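[1] Pasting the sequence and the predicted coordinates here, then a few questions.
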Amino acid sequence: MEPSTITVTDEGGVRIVALNRPTVMNAINRPMRQELTAALTNLDASVRCVVLTGVGRAFCSGQDLSDAPEGGALDFEAVLRNEYEPMLAAITGCPVPTIAAVNGAAAGAGANLALAADVVIAAESASFIQAFTRIGLMPDAGGTFWLPRQIGMARAMGAMLFADRIPARQAADWGMIWEAVADTDFDAHWRARAAQLASGPTLAYRALKTALRTGWSRDLEAQLAHEAAGQGICGQSADFREGVAAFLEKRSPVFKGS
């Protein structure tokens, strides 16, 4: 039996999914894509936040170019359509908040895997590289969608054409990621952030994630209608009632995720 390419640990409402191929800097192969998709699909109610991170010195070095049929070559279009798309959809469509805790280099598809998460927290020693043109490929795994929306067309174009290394602090300054954290504080920091989200109003988080991720396709009138419908649901929830009660009683709320 092949060893697992990821580790999955559930701790206090947080599911930690760690890419676990450190000898190849957690390069993505077919088993990893399948296992990642499964780990993020059909979550039970006890999971209220998901963290993606890496084992070893890298977050993810991108596609494993040796992961091809024996004697053949990678069919990139088929792999992207049949394997990457379900994996990325599992991340972007996850019903609870997702954090990419980027512990080291995130290159190529590995960088874009991180950017698919709701929030990216990186160690200051980490970096992001749109490395595709270095081997004669165009960016994929959602990078051409996420990057211009996060940092603007000029920076996205330069990052992808030149394939320069972007240090975590620069990525944070550009708005590519949420924050860069000193290496000595990184592990404790992302764990605290994950615990905060796991104890939060899950229904409201789900509604806001959907509104933000689908809002690109709507005009203002349609987005306002979407907000109204979502707020109507949140306003009838036990979490809202608890939030108001806690505010009036001057205490911290205890959200149940409904």
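    Received, thanks.
[2] so what's I6 closest to, chain neighbours aside?
    E35 (4.9 Å; CB to CB, 6 or more residues apart in numbering). From N, CA and C alone the C-beta is placed, and that goes for glycine too.
[3] Please verify my assumption that the one you found contacts S4.
    Yes. Between E35 and S4 there is a contact under CB atoms under 8 Å: 6.3 Å.
[4] Please identify which of these two sits among more neighbours.
    Higher neighbour count among E35 and S4: E35, with 20 against 13, using other CB atoms under 10 Å.
[5] mind checking the SS state of that one?
    helix (DSSP: H, G, I helix; E, B strand; the rest coil).
[6] Distance check, it against V17.
    Separation of E35 from V17 (CB to CB, to the nearest Å) stands at 9 Å.
[7] Ok, L161 next?
    Using CB to CB, one gets 32 Å for the distance from L161 to V17.
[8] what does F162 give?
    Distance from F162 to V17, by CB to CB: 31 Å.
[9] same check, this time on P253
    For P253, the distance to V17 - CB to CB - is 28 Å.
[10] Please apply the same query to Y205.
    Y205 is 18 Å from V17, by CB to CB.
[11] and R33, what is it in contact with?
    E83, Y84, P86, M87 (CB atoms under 8 Å, 6 or more residues apart in numbering).
[12] The same query, at a cut-off of 7 Å, please.
    Taking CB atoms under 7 Å, 6 or more residues apart in numbering as the criterion, R33 is in contact with E83, Y84, M87.
[13] Likewise for G62?
    Neighbouring residues of G62 by CB under 7 Å, 6+ apart: A27, I28, A107, G108, A109, G110, A131.
[14] Let's see the pLDDT reported for it.
    G62 carries a pLDDT value of 96.
[15] Now it: closest residue in space that isn't a chain neighbour?
    Looking at G62 with CB to CB, 6+ apart, the closest residue is G108, at 2.8 Å.
[16] What is the neighbour count of the residue nearest to I177 when sequence neighbours are not counted?
    Excluding the flanking residues, the one nearest I177 by CB to CB, 6+ apart is V120, at 3.8 Å. A count of nearby residues for V120, using other CB under 10 Å, gives 28.
[17] Over to A78?
    By other CB under 10 Å, the residues close to A78 number 9.
[18] What residues sit buried inside the host helix or strand of it?
    A78 belongs to helix 76-79 when assigned by DSSP states H and E. Of all the residues in helix 76-79, those buried under the rule 16 or more other CB atoms under 10 Å are V79.
[19] avg pLDDT for that helix?
    The model assigns helix 76-79 a mean pLDDT of 92.
[20] What does the pLDDT read for the spatially most central residue of the chain?
    Nearest residue to the geometric centre of the chain (CA atoms, centre = their mean): A117, 1.7 Å. Among the per-residue scores, A117 shows a pLDDT of 98.
[21] Return the distance of it relative to Q231.
    According to CB to CB, A117 and Q231 sit 25 Å apart.
[22] I129 too?
    Taking CB to CB, one finds I129 at 40 Å from Q231.
[23] Which one of these two is surrounded by more residues?
    Higher neighbour count among I129 and Q231: I129, with 19 against 14, using other CB under 10 Å.
[24] Quick check, that one in contact with A111.
    Yes. Counting by CB atoms under 7 Å, A111 is a contact partner of I129 at 6.2 Å.
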